Every structure is written in structure tokens, then in C-alpha cells.
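Engineer: Just need the structure, nothing else, for what follows:
(one chain, ligands or ions: 1)
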Amino acid sequence: MAKRTAKLILTEPDTVIDLPVYGGSLGHDVIDVRALVSKGVFTYDPGFMSTAACESAITFIDGAQGVLMHRGYPIEQLAAQSNYVELCYLLLFGELPTPEAYRQFEARIRNHTMVHGQIANFFQGFRRDAHPMAILCGVVGGLAAFYHDHLDTADSEDRLISAIRLVAKMPTIAAMSYKYALGQPFRQPRNDLSYAENFLHMMFSTPCEPYEVNPVFAKALDRILMLHADHEQNASTSTVRLAGSTGANPFACISAGIAALWGPAHGGANEAVLDMLEQIGDDSEANIQRFIDKAKDRNDPFRLMGFGHRVYSSFDPRARVMKETCDQVLAELGNPDDPTLRIAKRVEQIALEDDYFIQRKLYPNVDFYSGIILRAMGIPTNMFTVIFAVARTIGWISHWNEMIDGDLKIGRPRQLYVGPPRRNYPD
Ligand code: ACO
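Structural biologist: Numbers count the residues shown, from 1 in each chain. Model prediction:
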């Protein structure tokens with residue numbers, strides 16, 4: 001229902017087009033431009049800076065105020081009081097579960113943690129030094145081959161079982177990609193453990209000796225998963241929606257999302273942050289300033305990794321929780337004065353006082369501190385984005401499900417053609 005009207009005035013010939021304006025429950029109003037195509041014009045918005053591509057009831061972000069809410073619940077409250085599996089339920093179904101619904105949902109996830117025995121064969125095709133994100137893209141896409149024939153994406157129960165399989169199997173596949181690089185045997189999931197505990201078990205246990213999951217690490221990992229679970233229409237989620245809009249297999253769609261997440265401007269940033277902090281080397285003023293100056297230099301493509309965000313123009317609320325978790329993990333390890341954390345805190349401080357970053361409203365994003373926590377837990381840098389992918393799977397699949405349940409239209413952007421006009425092939 002339109003709450004007001006926008007008038008678009010085109011000149012030569014003079015035309016006025018009335019466009020309905022809709023309001024959501026929160027956030028910016030949107031101008032419905034769908035009628036424009038019949039008037040012979042398209043909108044032009046590279047990077048979708050001003051475009052709402054869909055309606056969604058899953059996540060709300062107010063970038064100016066630093067607000068992130070899932071189904072109406074602020075991320076700070078969820079991070080403090082909930083856990084990853086409950087958040088998965090909330091994202092997927094729209095409401096917090098009753099204790100019984102939670103028990104059943106968690107049991108269903110536990111039931112699907114194992115992967116088909118033949119999946120292990122896929123790994124043999126990869127070089128041992130392959131990036132685990134490359135492996136994840138391939139193996140998750142490969143799941144489509146196992147769950148395709150009987151899957152009807154129009155059937156909500158089929159969609160739910162796909163969602164549960166994905167959430168359940170992602171940690172297993174992620175841990176397998178780590179074990180494969182190490183040359184260690186794959187570890188089977190242990191369904192007596194929580195989601196985060198089981199992930200740590202599959203990553204770090206070996207058949208040779210007992211492995212005790214550190215509860216602080218499990219809590220920290222659970223929180224990292226929660227903070228990365230969903231972020232409305234970001235690049236990877238939009239990729240999943242676009243792929244899914246064609247009716248493609250959900251495992252293939254999630255593989256497309258993993259590919260989009262891998263880039264350093266998106267999920268690859270946490271890996272890039274740690275590389276950057278390691279390159280800085282120490283927390284001397286001169287050293288840090290050199291990197292800050294490099295980031296400010298227009299002729300240098302280098303950017304301060306873990307800073308800036310397309311949507312947040314004030315702080316990223318996830319970064320605050322992440323910084324707190326980082327302090328807890330390092331304190332648990334008896335290393336609260338970790339040199340990398342010292343460099344990170346100093347970089348943050350210097351950047352936040354620098355006019356360049358102040359004017360452009362560049363603040364630390366969620367990934368500025370997550371890498372330090374993951375490294376402290378013994379997780380190698382090239383696995384950071386993999387963990388982000390594990391966490392974001394529920395966001396991707398919830399959006400995919402919402403899209404199919406709604407008014408599904410194939411995603412098909414248009415273009416401003418700037419190539420040669422018609423010409424004839426030379427005789
Ligand atoms: N370091 C230095 N300058 C920056 C940075 C940065 N990290 N981020 C943005 N800027 C500058 C740009 O150079 C530009 O300056 P100008 O106006 O003088 O040309 C201005 O700030 C605006 O930048 P845009 O690139 O237009 O902003 P955009 O919204 O397109 O980019 C992005 C957002 C990609 C996140 C960017 O800030 C960036 O590259 N950050 C570093 C990578 C990173 O941390 N990514 C993780 C994002 S969070 C996530 O995916 C979970």
C-alpha cells in the first residue's frame with residue numbers, strides 16, 4: 001500500500017511519471033520504480049547503493065545509528081543471551097523457539113552432521129595447499145549431486161530439510177578442509193557436543209589422544225558464529241538470492257554465496273586484517289602511521305582492512321561485541337597483552353582520531369577483531385573466511401527460503417549499454 005507518491009519528471013518530451021512510495025516497518029521508504037520499464041527508461045544504480053532489491057522481514061540495519069536486529073531482536077541482546085542454534089531457528093522461522101521446539105530443532109541438526117561417505121573422495125582431487133574456501137565452494141556445490149532428484153524447492157518441508165542439512169554439514173566440511181591441508185584423518189562429528197564444541201572437536205582432535213574442548217573457546221566461537229549469521233542483503237546473500245531466483249538447487253546457490261563471500265572486500269577481510277597487522281609488525285607509532293598514510297593515499301589501492309562498511313556510517317555494533325570477546329579469549333589464554341591485539345587497538349585509536357577516517361565515517365567493522373580471536377584459538381588465517389561461511393549459511397538459506405516463499409521473480413538486472421552501435425561485419 002503506497003503511503004505517498006514520488007513524481008519523476010523527464011524532459012524532451014516532457015513527461016511526469018507518478019511512482020508509489022512504500023514504507024517498511026522500520027527504515028527508509030522505497031520508491032517503486034517497476035513501472036518505469038513501460039515508460040522506456042530504467043534506473044541506473046551500480047553497486048545497488050540506492051536500490052532495495054526485495055522485501056524482507058529477517059534482518060534490519062540502521063547504518064547511521066549502528067543498529068543491527070534479527071527479527072526485531074538487537075544483536076547485542078542475542079549475543080549476550082542466546083546461542084547460535086537458537087539464532088538459526090529465529091532467522092529461519094521468525095520467532096524464538098519454545099524450549100521443546102528448540103530441543104527438536106537442535107536434535108534435527110545433530111542428526112544431519114555427518115556427510116555422505118563419498119564426499120571424502122572429493123577431497124582427494126584438491127591439492128593439499130588449496131585454499132580452504134576453494135575446497136568449500138567445490139564440496140558444498142557437490143552436495144547438490146547428493147540431494148537433487150528428490151528435492152522440490154516449492155515444497156516448504158523440502159526447503160527446511162535442505163536448510164537443516166546445510167547448517168549441520170557446514171562445520172563438518174569446513175573441518176575436513178582443514179584436516180585435509182594438514183594431512184590428518186578426518187574426524188567424525190560428535191553429536192553429544194554443542195554446535196561450536198563439535199566444530200572445535202572436528203578441527204582439533206586426533207585419533208591419537210583425548211581432546212578436551214575449552215569452554216571459553218566454544219563460547220567465543222558460538223559468539224563469532226552469531227555475529228556473522230546474517231546481515232540482510234549483502235553481496236553474498238544477494239548472490240544466493242539471485243542464483244536461487246532461477247530455481248537452482250539450494251546447495252549450488254550456497255556455493256555461489258561462498259564464492260561471493262571469499263573476496264577481501266567482503267568475508268575475506270578478517271584474513272586480510274590479520275595479514276595487515278602482521279605486516280605492520282609492531283605497535284610503534286611510525287610503523288602504524290606508515291600504514292595509515294598508505295590507506296589514505298589515493299594513488300595506492302591499499303585500504304585499512306577491517307575498516308569501513310557499505311551500510312554502517314557510525315560504528316558496527318558487531319565490532320563492539322567482538323572486541324569484548326577478544327579480550328575474554330586472550331585473558332583466558334593468559335595473554336591479555338597479545339602483541340597483535342596491541343597493534344590492532346593502536347591502529348583503531350590512531351585511525352579514529354584521523355580526519356580522513358572521521359570525515360568518511362570509517363569505523364572498525366566486525367572483522368577487525370574476529371581474526372585475532374580465531375588466531376588465538378589456534379585457527380589458521382586461511383580458515384577465517386571459512387568460519388564466516390559456516391556462520392552465514394543460516395542467513396543465506398533463510399533469505400533463500402523467504403524469497404521462494406514470497407513473490408518469486410527471476411533476478412534479471414538491466415544495463416546502460418555503452419558499446420558500439422550496430423555495424424556490419426566487413427565484406
Ligand atoms: N581504508 C581507507 N579508505 C577507505 C576504506 C578503508 N578501509 N574504506 C573506505 N575508504 C574510503 C574510500 O577510499 C573512499 O574515499 P574517497 O571518498 O576519498 O574516494 C571512501 O572511503 C568511501 O569508500 P567506498 O569504497 O566508496 O565505500 P564502499 O561502501 O563502496 O566500501 C568497503 C565499503 C568495501 C567495506 C570498504 O570500506 C573497504 O574496502 N573496507 C576494507 C575491507 C573490509 O574491511 N571489508 C569488510 C567489510 S565487512 C564484511 O564484509 C563482513
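Engineer: Tell me how many other residues surround whichever residue of the stretch 1-150 of the chain sits closest to the ligand.
Structural biologist: Proximity of the stretch 1-150 of the chain to the ligand (C-beta to the nearest ligand atom) peaks at Gly47, 6.5 Å away. Placement of C-beta: from N, CA and C, glycine included. Using other C-beta atoms under 10 Å, Gly47 is surrounded by 8 other residues.
Engineer: Torsion angles phi and psi at it?
Structural biologist: Gly47 has phi and psi values of phi 80, psi 0 when expressed as degrees, to the nearest 10.
Engineer: I'd like the distance between it and Pro413.
Structural biologist: Between Gly47 and Pro413 the distance is 12 Å, computed by C-beta to C-beta, to the nearest Å.
Engineer: What pLDDT does the model give the residue of the stretch 1-150 of the chain closest to the ligand?
Structural biologist: Per-residue pLDDT puts Gly47 at 94.
Engineer: swap in Glu106?
Structural biologist: pLDDT recorded at Glu106 is 97.
Engineer: Which residue is the nearest non-sequential neighbour of it?
Structural biologist: In space, and not counting its chain neighbours, Glu106 is closest to Val85: 5.2 Å by C-beta to C-beta, 6 or more residues apart in numbering.
Engineer: swap in Thr113?
Structural biologist: Once flanking residues are discounted, Thr113 sits nearest to Pro189: 3.7 Å by C-beta to C-beta, 6+ apart.
Engineer: Number of residues surrounding that neighbour?
Structural biologist: Using other C-beta under 10 Å, Pro189 is surrounded by 20 other residues.
Engineer: and if you look at Ser284?
Structural biologist: Using other C-beta under 10 Å, Ser284 is surrounded by 12 other residues.
Engineer: cool, the one 3 residues further on as well?
Structural biologist: Residues near Asn287, counting by other C-beta under 10 Å, number 14.
Engineer: Same check on Lys3?
Structural biologist: 9.
Engineer: Find me the pLDDT at it, would you?
Structural biologist: In this model, Lys3 carries a pLDDT of 78.
Engineer: which residues sit in contact with it?
Structural biologist: By C-beta atoms under 8 Å, 6 or more residues apart in numbering, the contact set of Lys3 is Val21, Tyr22, Gly23, Asp29.
Engineer: Go again with 7 Å.
Structural biologist: Residues in contact with Lys3, defined by C-beta atoms under 7 Å, 6 or more residues apart in numbering, are Val21, Tyr22, Gly23.
Engineer: The first one belongs to a strand?
Structural biologist: Yes: counting by DSSP: H, G, I helix; E, B strand; the rest coil, one finds Val21 located in a strand.
Engineer: if I look at it, how far off is Leu36?
Structural biologist: Separation of Val21 from Leu36 (C-beta to C-beta): 14 Å.
Engineer: Equivalent analysis for Ala295, please.
Structural biologist: Using C-beta to C-beta, we find Ala295 at a distance of 39 Å from Leu36.
Engineer: Equivalent analysis for Leu136, please.
Structural biologist: 39 Å.
Engineer: so which helix or strand takes in the closest residue to Gly141 other than its chain neighbours?
Structural biologist: Setting aside the residues directly before and after it, Gly141 is nearest to Ser255 in space (C-beta to C-beta, 6+ apart), at 3.4 Å. Using DSSP states H and E, the element containing Ser255 is helix 250-261.
Engineer: is that helix anywhere near the ligand?
Structural biologist: No: figure legend: helix 250-261 not in contact with the ligand (C-beta under 6 Å from any ligand atom); closest approach 8.0 Å.
Engineer: Can you spell out which helices and strands pack onto that helix?
Structural biologist: Counting contacts by 3 or more C-beta pairs under 7 Å, 6 or more residues apart in numbering; DSSP states H and E, helix 250-261 is packed against helix 132-143, helix 235-244, helix 384-405.
Engineer: Can you give the distance from it to the centre of its chain?
Structural biologist: The chain centre lies 11 Å from the centre of helix 250-261; the measure is C-alpha atoms, centre = their mean, to the nearest Å.
Engineer: Quick check: next helix or strand after that helix?
Structural biologist: Next in sequence after helix 250-261, counting helices and strands by DSSP H and E, comes helix 269-280.
Engineer: returning to what we had before: check the model's average confidence along the helix holding Ser255 for me.
Structural biologist: Rounded mean pLDDT across helix 250-261 is 97.
Engineer: try stretch 87-97
Structural biologist: 98.
Engineer: what's that stretch in contact with?
Structural biologist: Residues from elsewhere that reach stretch 87-97, judged by C-beta under 7 Å, 6+ apart: 57-58, 70-71, 78, 86, 102, 105, 163, 167, 226, 229-230, 394-395, 398, 401.
Engineer: Can you flag which of these belong to helices?
Structural biologist: Secondary structure assignment by DSSP state H places Leu78, Glu86, Tyr102, Phe105, Ala163, Val167, Met226, Ile394, Gly395, Ser398, Asn401 of the contacts of stretch 87-97 in helices.
Engineer: Noted, bye for now.
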